[in-house]
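Novice: pasting the structure only:
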């Protein structure tokens, strides 16, 4: 099993700002509970090379390892919060092992 950190990279298009803010207000404490640390949460995007990607709201979360990341993503506490995001945005979410 790898002990490398795992990064969640999200590209989020927010459809309903009011409801998505409820997601933001609830998700941080659950992410932190599983060792996650927000490195990027929105912010200005400068596109340097573009083929097909049109980034929106970029989120980058560092987890200590894959087990922590997947345990957070699948935990009962996160599921209703995740549904807030799914219902109020279009999300592309990936996990990437880092170093």
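Specialist: Yes, it's here. Note that the coordinates shown come from a computational prediction; the quantities given were computed from them, not determined experimentally.
Novice: The residue lying closest to residue 43 once chain neighbours are set aside bridge partners, please.
Specialist: Using Cβ to Cβ, 6 or more residues apart in numbering and skipping the chain neighbours, the partner closest in space to residue 43 is residue 58 (7.0 Å). Heads up, the C-betas are built off the backbone N, CA and C, glycines and all. On DSSP bridges, the residues paired with residue 58 through beta bridges are residue 11.
Novice: contacting residues for residue 58?
Specialist: Applying Cβ atoms under 8 Å, 6 or more residues apart in numbering to residue 58 gives the contacts 9-12, 40, 42-43, 45.
Novice: what packs against the helix or strand containing residue 83?
Specialist: The secondary structure element spanning residue 83 is helix 79-88 (assigned by DSSP states H and E). Using 3 or more Cβ pairs under 8 Å, 6 or more residues apart in numbering; DSSP states H and E as the contact definition, the elements that helix 79-88 packs against are helix 17-33.
Novice: and the helix it packs on, average pLDDT?
Specialist: Mean pLDDT, taken over the full extent of helix 17-33, equals 97.
Novice: Which helix or which strand is home to residue 69?
Specialist: Per DSSP H and E, residue 69 falls inside helix 66-74.
Novice: quick one: contacts of that helix?
Specialist: Contacts of helix 66-74 from elsewhere in the structure, counted by Cβ under 8 Å, 6+ apart, are 1-2, 6, 8, 30-31, 33-36, 63, 78, 82, 95, 97.
Novice: ok, now with 7 Å
Specialist: The list of residues contacting helix 66-74 from outside it, by Cβ atoms under 7 Å, 6 or more residues apart in numbering, reads 2, 6, 8, 30-31, 34-36, 63, 78, 95, 97.
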